[in-house]
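Colleague: with the sequence up front, the predicted model follows.
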Amino acid sequence: MTEPIYHLATQWAWETARRAGLYAADTLSSEGFIHCSTADQWPRVREDRFAGRDDLVLLEIDPTRVQGQLRWEAGFPHLYGALEIEAVVSARRL
């Protein structure tokens with residue numbers, strides 16, 4: 001898998017992760033993985049799960065730089081483990 005994957009984070013969570021060097025979404029502890037999306041999926045995820053939020057950052061992730069295990073489940077990429085900041089190619093405020 002060489003296409004980028006995406007994750008929607010809050011600005012606060014992303015800034016905290018940048019200082020720490022590692023990003024761990026709330027779902028990592030509650031569900032065991034970080035929800036990610038493809039380029040085609042993230043706009044719908046934003047609409048369905050984050051409607052009305054104005055504090056979001058879209059993280060573009062290079063899957064070849066991810067150290068945790070990536071699994072495709074129900075059509076979505078899930079990252080089992082924390083996300084290393086070095087794997088994030090870009091962070092765009094939405």
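Modeller: Looks like it came in fine.
Colleague: Q67 and A82, how far apart?
Modeller: Distance, Q67 to A82, by Cβ to Cβ, to the nearest Å: 9 Å. In this view, the C-beta of every residue, glycine as well, is placed from N, C-alpha and C.
Colleague: of the two, who's got more company?
Modeller: Between Q67 and A82, A82 has the larger neighbour count (other Cβ atoms under 10 Å), namely 18 against 11.
Colleague: can you give me the end-to-end distance of stretch 47-55?
Modeller: End-to-end distance for stretch 47-55: 14 Å, by Cα to Cα, to the nearest Å.
Colleague: what does that stretch contact?
Modeller: By Cβ atoms under 8 Å, 6 or more residues apart in numbering, the residues outside stretch 47-55 that reach it are 8, 10-12, 56.
Colleague: cutoff 7 Å now
Modeller: The contact list for stretch 47-55, computed with Cβ atoms under 7 Å, 6 or more residues apart in numbering, reads 8, 10-11, 56.
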